[in-house]
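Engineer: Starting from these lines, generate the structure:
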Amino acid sequence: MKNVAFAIAITSIFLIGCVQNSAQSMAVGSRDVTVVERKVFTPSGDWGGHITYTYGKDGKLQLINYEFCTLNGYDKANEKFSPTRCVRKYDVSHNRQLLLKSKVTTDLVSGQKIDRSFYEPEISHWMTIAEARKRGKN
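Structural biologist: Numbers count the residues shown, from 1 in each chain. This is a model prediction of the structure:
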């Protein structure tokens, strides 16, 4: 069976405080899922994130892939701030709780795994496709 992908018209950009968001949705026909791509970032470019939500046929969230990048990852060992990338993958439990499946933090330049701390804004995730559509249009 052939995968058929088409864009759903919920592309938008909106402002929440100093954080900008954009969202675009794509339905993948043969898998009976809807994938919503969301970008969160500051206008200054200090940090940004790319979030991919996968919703099932019932419209409920199944998976999240979240890639977060910042210029200000702090390394205690050498007391320096450096560009940092953190990729997380989440599953969703039956009672709608996010379950962290994996987390990999790397240096944004070298790609090497590292241990750094960094500021990350709290992101309210869209637990249903209806919520994604509603918030994506604001």
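
Engineer: Please confirm that residue 132 is located within a helix.
Structural biologist: Yes. Judged by DSSP: H, G, I helix; E, B strand; the rest coil, residue 132 forms part of a helix.

Engineer: which secondary structure elements does the strand ranked longest in the chain contact?
Structural biologist: Secondary structure of the chain per DSSP state E: the longest strand is strand 61-75. With contacts defined as 3 or more C-beta pairs under 8 Å, 6 or more residues apart in numbering; DSSP states H and E, strand 61-75 has these neighbours: strand 47-55, strand 80-92, strand 98-107. The way it works is simple: take the backbone N, C-alpha and C, and place the C-beta from them, glycine included.

Engineer: Now do the shortest one and strand 61-75, the angle between them.
Structural biologist: Calculated by axes from the mean of the first three to the mean of the last three C-alpha atoms, to 10 degrees, strand 47-55 forms an angle of 160 degrees with strand 61-75.

Engineer: Now strand 47-55: buried residues?
Structural biologist: 47-49, 51, 53-55 (16 or more other C-beta atoms under 10 Å).

Engineer: and it, C-alpha only, in CSV?
Structural biologist: The C-alpha trace of strand 47-55 is given here as CSV (Å, rounded to 0.1, in the frame of the first residue of the first chain):
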residue,chain,number,x,y,z
TRP,A,47,17.0,28.7,21.8
GLY,A,48,14.5,26.8,19.7
GLY,A,49,12.7,23.5,19.5
HIS,A,50,11.1,21.2,17.0
ILE,A,51,8.3,19.0,18.3
THR,A,52,6.6,16.3,16.3
TYR,A,53,3.3,15.0,17.6
THR,A,54,1.7,11.8,16.4
TYR,A,55,-2.0,11.3,16.9
